[in-house]
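Enquirer: What would the 3D arrangement of this be:
(one chain, ligands or ions: 3)
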Amino acid sequence: MRIEEVTTGIVKYKESYSDKLGRYLVAAKKISPGEVILRDNPIVVGAASFNDNSLCFSCFRVIEPKPIGLKFPCPKCKVAIFCSKNCETRESFHTPEECKLLKDKLSESVNLDVRGILLLIRLLLIKKRNAEQWNQIMNLEAHLEERRNTLVWKERQEEIEILKSFEFFENDEDLQRLCGIIDVNSFELRSPGTLDSALRGLYAEAALMAHDCRGNTHLTVDDDFQLTVYANPEELGANLSSIYCPRCKEGLIRYEGKKMNPYLREKKWKCKKCQRFYSGALIKTTLELTKTRIDQADESRIKELETLLKNFSAMLHSNHFLMMSLKQKLLALYRKEITCLNPKKKILQRMMELCKGILQVLEIVEPGISRLKGIILYEIHLPIIIIANKDYALKEITSEDLAKRLEEAENYLKKSLSMLLIEPASTPEDRYRLRWIIKKLILK
Ligand SMILES: [Zn+2]
Ligand SMILES: [Zn+2]
Ligand SMILES: [Zn+2]
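Expert: Ligands and ions are numbered 1, 2, ... in the order given. Sure, this is the predicted structure:
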């Protein structure tokens with residue numbers, strides 16, 4: 001997924017400093033919506049601590065459990081696993097130093113799952129390799145004092161004790177600082193080809209964007225984890241952070257202030273319809289409460305997630321990023337449902353509806369070739385085919401209708417294939433998966 005190239009030679013942001021935020025980036029020139037603000041490659045990438053998938057140590061693709069998934073253990077350390085021979089030879093993430101460390105410290109007798117602390121190990125290894133980059137990392141905000149002796153501090157201390165067995169000689173304070181730096185500055189990333197944000201990546205330049213400024217931007221990340229920051233494409237009609245006015249319930253509220261931080265007490269958020277003003281602090285609290293309710297929901301229950309989606313729809317635009325994350329969670333559940341023998345038509349229709357909604361947003365925020373779009377396009381075609389065949393079997397549609405619907409499904413599939421095939425970083429597994437899709441298409 002390469003969108004357009006950054007305009008080179010124009011400095012769009014500059015570094016600034018405040019006592020409260022530490023160092024951060026501010027726009028140096030007026031940026032129009034949808035414009036690329038910066039591109040950045042990660043310093044490190046690792047799994048989020050709650051991620052219990054088997055991941056390739058190089059490209060972070062999910063390695064499916066056997067017998068489908070092929071797994072290539074690192075021939076040297078035998079601890080790291082890769083998704084392919086290709087990844088085995090890439091040293092950008094599983095570096096020779098990391099390989100040696102894992103080999104030395106994790107013999108057969110010490111059976112330790114390093115996934116949860118891999119990100120920390122990778123950061124600590126930078127210290128020996130690149131002192132300048134290490135200083136850059138340690139200068140990032142850690143909110144150390146706010147964290148001291150809290151629950152998160154104690155949890156991280158457990159990880160720190162494990163790290164010590166790897167003979168990193170930093171003191172506890174520095175290691176806690178490093179944990180803080182990750183928590184404050186890292187970005188949530190997806191494993192390539194999935195919709196779950198279960199990875200974390202640290203980016204030197206993007207980390208400097210003041211936190212509240214992130215609300216005014218939109219991010220995309222390609223399969224090599226290059227991060228692109230766009231000015232908010234709200235005006236393009238994506239409405240990724242649009243909220244409905246609680247008073248008139250019809251107008252959308254927009255931030256009209258000029259500050260970098262839109263979530264202050266000042267009443268600078270205005271309803272387009274009834275003109276009422278709201279404070280940034282209120283908007284922030286509302287979003288935080290909503291996010292907490294989503295986080296606390298039982299992710300395995302369709303009904304619960306659908307109810308949340310319905311309840312929030314009075315308050316959030318259907319394209320709002322919180323609604324999108326709920327829809328993606330639902331889609332994952334429906335995907336499981338339709339693999340059963342005789343999926344209900346209602347479920348198939350709902351899946352189609354969700355796919356179309358997500359696709360509509362992707363068309364705006366990821367124009368052109370996009371892997372994610374390729375996946376969603378693939379997902380749409382399945383329910384269309386099943387519904388068409390069901391309706392035809394029940395004599396609810398004519399054979400011409402059936403042909404028309406199958407053609408529609410085929411068009412989605414073709415479009416999907418064109419995106420997935422063009423994908424520059426396609427691995428042997430991708431090609432394998434594609435061959436499987438094409439075979440299914442021919443057998444249809
Ligand atoms: Zn891989
Ligand atoms: Zn290795
Ligand atoms: Zn209003």
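
Enquirer: Remind me what the strand or helix carrying N135 packs against, helices and strands.
Expert: Using DSSP states H and E, N135 sits in helix 131-138. Identification of packing neighbours for helix 131-138 by 3 or more C-beta pairs under 8 Å, 6 or more residues apart in numbering; DSSP states H and E yields helix 118-129, helix 172-185, helix 204-207. Where you see a C-beta, it was placed from the backbone N, CA and C, and this is true even at glycine.

Enquirer: Pipe those helices into a markdown table and attach mean neighbour count per row.
Expert: Listed next are the helices and strands packed on helix 131-138 as a markdown table, based on neighbours: other C-beta atoms under 10 Å:
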| stretch | mean neighbour count |
| --- | --- |
| helix 118-129 | 19 |
| helix 172-185 | 19 |
| helix 204-207 | 20 |
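
Enquirer: rank the ones you listed by mean pLDDT and give me the bottom one.
Expert: Per-stretch mean pLDDT for the helices and strands packed on helix 131-138 is lowest at helix 204-207 (a mean of 83).

Enquirer: low-confidence ranges in the stretch 201-350 of the chain?
Expert: Residue ranges of the stretch 201-350 of the chain with pLDDT under 70: 210-218, 232-238, 258-261.

Enquirer: tell me the angle the helix holding N135 makes with helix 118-129.
Expert: 140 degrees (axes from the mean of the first three to the mean of the last three C-alpha atoms, to 10 degrees).

Enquirer: C-terminal to helix 131-138, what's the next element?
Expert: By DSSP H and E, the next helix or strand past helix 131-138 is helix 144-147.

Enquirer: chain center to that next one, what's the gap?
Expert: 27 Å (C-alpha atoms, centre = their mean, to the nearest Å).

Enquirer: What of stretch 384-392?
Expert: In terms of C-alpha atoms, centre = their mean, the centre of stretch 384-392 is found 33 Å from the chain centre.

Enquirer: and it, average pLDDT?
Expert: Mean predicted confidence for stretch 384-392 is 93.

Enquirer: buried residues in that stretch?
Expert: Neighbour counts over stretch 384-392 (16 or more other C-beta atoms under 10 Å) mark I384, I385, I386, I387, A388, K390, D391, Y392 as buried.

Enquirer: Is ligand 1 within reach of stretch 57-68?
Expert: Yes: contact of stretch 57-68 with ligand 1 (C-beta under 5 Å from the ion) involves S58, C59.

Enquirer: quick one: average confidence on that stretch?
Expert: pLDDT averaged over stretch 57-68 gives 80.

Enquirer: Any part of it near ligand 2?
Expert: No: Stretch 57-68 lies out of reach of ligand 2 by C-beta under 5 Å from the ion, never closer than 7.5 Å.

Enquirer: Identify each buried residue in that stretch, please.
Expert: F57, S58, C59, F60, R61, V62, I63.

Enquirer: ok, now stretch 288-296?
Expert: So, applying 16+ other C-beta under 10 Å, buried residues of stretch 288-296: T290, I294.

Enquirer: repeat for stretch 188-206
Expert: Per 16+ other C-beta under 10 Å, stretch 188-206 contains these buried residues: 189-195, 198-206.

Enquirer: what does stretch 411-423 give?
Expert: Of all the residues in stretch 411-423, those buried under the rule 16+ other C-beta under 10 Å are Y412, L413, K415, S416, L417, M419, L420, E423.

Enquirer: circling back: of the buried residues of stretch 57-68, closest to G257?
Expert: F60 (38.3 Å; C-beta to C-beta).

Enquirer: Distance check, that closest one against ligand 2.
Expert: 15 Å (C-beta to the ion, to the nearest Å).

Enquirer: Which secondary structure element is home to that residue?
Expert: Counting by DSSP H and E, F60 is part of no helix or strand.

Enquirer: Retrieve the pLDDT associated with V45.
Expert: Reported pLDDT for V45: 92.

Enquirer: That one - how many residues pack around it?
Expert: 25 (other C-beta atoms under 10 Å).

Enquirer: ok so it is a strand residue?
Expert: Yes: under DSSP: H, G, I helix; E, B strand; the rest coil, V45 falls within a strand.

Enquirer: nearest residue to it other than its sequence neighbours?
Expert: Closest residue to V45 apart from its sequence neighbours, by C-beta to C-beta, 6 or more residues apart in numbering: G201 at 4.4 Å.

Enquirer: from memory the one you found sits against S191, does it?
Expert: No: using C-beta atoms under 8 Å, G201 makes no contact with S191, being 11.6 Å away.

Enquirer: any idea how far I117 is from ligand 1?
Expert: The value you get for I117 to ligand 1, if C-beta to the ion is used, is 20 Å.

Enquirer: what sits against D172?
Expert: Q157, I160 (C-beta atoms under 8 Å, 6 or more residues apart in numbering).

Enquirer: What of Y203?
Expert: D40, N41, P42, I43, F187, L227.

Enquirer: quick check, E188 in a helix?
Expert: No: judged by three-state DSSP, E188 forms no part of a helix; its state is strand.

Enquirer: Identify the bridge partners of it.
Expert: Under DSSP bridges, the beta-bridge partners of E188 are R200.

Enquirer: so what's it scoring on pLDDT?
Expert: 76.

Enquirer: Kindly report the same for the one 5 residues further on.
Expert: G193 is assigned a predicted lDDT (pLDDT) of 69.

Enquirer: Identify the residue spatially nearest to the residue in the stretch 301-444 of the chain that ligand 3 sits nearest to, adjacent ones excluded.
Expert: Shortest the stretch 301-444 of the chain-to-ligand 3 distance, computed as C-beta to the ion: residue-wise this is M315, at 12.4 Å. In space, and not counting its chain neighbours, M315 is closest to Y244: 5.7 Å by C-beta to C-beta, 6+ apart.

Enquirer: Name the residues linked to that neighbour by a beta bridge.
Expert: Bridge pairing for Y244 - DSSP bridges - gives L252.
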